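Asks: Predicted structure and sequence below. I'll ask about it afterward.
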Amino acid sequence: MLGQTSQRNIDAISKASRIYIATVRRDGNQSKPAAVWFTLTQDHSVLIQTRRSSWIARGVRRGSPVIVWIGRRNGPAFIGNAETSNDPKLTKRIVDDYPRKYLLARLGFHRPRQERFDASQILAIKIMPIRDLPEGFRSEPGIRAPSISKTEPPTDHSSPRRQSIVRAGLIW
C-alpha cells in the first residue's frame, strides 16, 4: 500500500481540518503528536509545512517514519514515510491550498509564503502512507511505535510505568 491511502482514510481526511503527527524517536518510541494544517497531493499523499528547526523536520530528515492521526488525536491513523522537499510544485500547492482551506491563512495569519520556502525558513514535508493502523490506535508518547513493516502488526505494549508496577507485583 506504499503511497496509497485506504478508503477509510480518504473519507476521514476529506472532512478533517487538521492532522496530528508524531515521529518515531531514535529509541523506537512515539513522540508527542503535534496538530498541523495539511493539504493533499493527487496521489493522496499528505503535504505539510513546518519550520526548518522543528522537531518534525529534524525527525523526518533523520529518516523517521511518521504516525498520522486524522482529525483528532484518537482518529483514524496510519504510519508512513516522510521526506522534505524543495519541489516547486509541492510548495506552490501548499501556498495555494492553505488559504482556500483555512480561514486564518486567508486572513494572512500562519500563511505559508513562497519566499519563505525559497529562503529555506520553512520546509515542505510529503508524507506517503504505508499502512493503516487499527481502529482505536492512540497516541502514547514514550511507548514503542508500530513498525512500518506490513508483516508486523502494531503491538499493544504496556507503558514502562505499567510494566514496572506489574513486575513489582510479581516480585512480592
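Replies: Received the coordinates, thanks. Keep in mind that this is a model prediction, so the values were computed, not measured.

Asks: What segments of the chain are helices?
Replies: Along the chain, the segments classed as helices by DSSP state H run 7-15, 55-62, 88-101, 103-106, 114-118, 160-171.

Asks: Can you tell me which of the ones you listed is packed in deepest?
Replies: helix 55-62 (a mean of 18; mean count of other C-beta atoms under 10 Å). To be clear about C-beta, it is placed using only N, CA and C from the backbone, and glycine gets the same treatment.

Asks: mind putting the helices of the chain in CSV, distance to residue 40 and mean pLDDT included?
Replies: Formatted as CSV, the helices of the chain follow (distance: least, C-beta to C-beta, whole Å; pLDDT from 0 to 100):
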stretch, distance to residue 40, mean pLDDT
helix 7-15, 7, 89
helix 55-62, 18, 94
helix 88-101, 8, 93
helix 103-106, 16, 88
helix 114-118, 18, 93
helix 160-171, 36, 40
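
Asks: Ok, which of these comes nearest residue 77?
Replies: Shortest distance between residue 77 and the helices of the chain, using C-beta to C-beta, is found for helix 7-15: 8.6 Å.

Asks: chain center to stretch 104-114: distance?
Replies: Averaging C-alpha coordinates over stretch 104-114 and over its chain gives two centres that are 21 Å apart (C-alpha atoms, centre = their mean, to the nearest Å).

Asks: ditto for stretch 138-145
Replies: Going by C-alpha atoms, centre = their mean, where stretch 138-145 is centred and where its chain is centred differ by 13 Å.

Asks: Right, I'll call it a day here.
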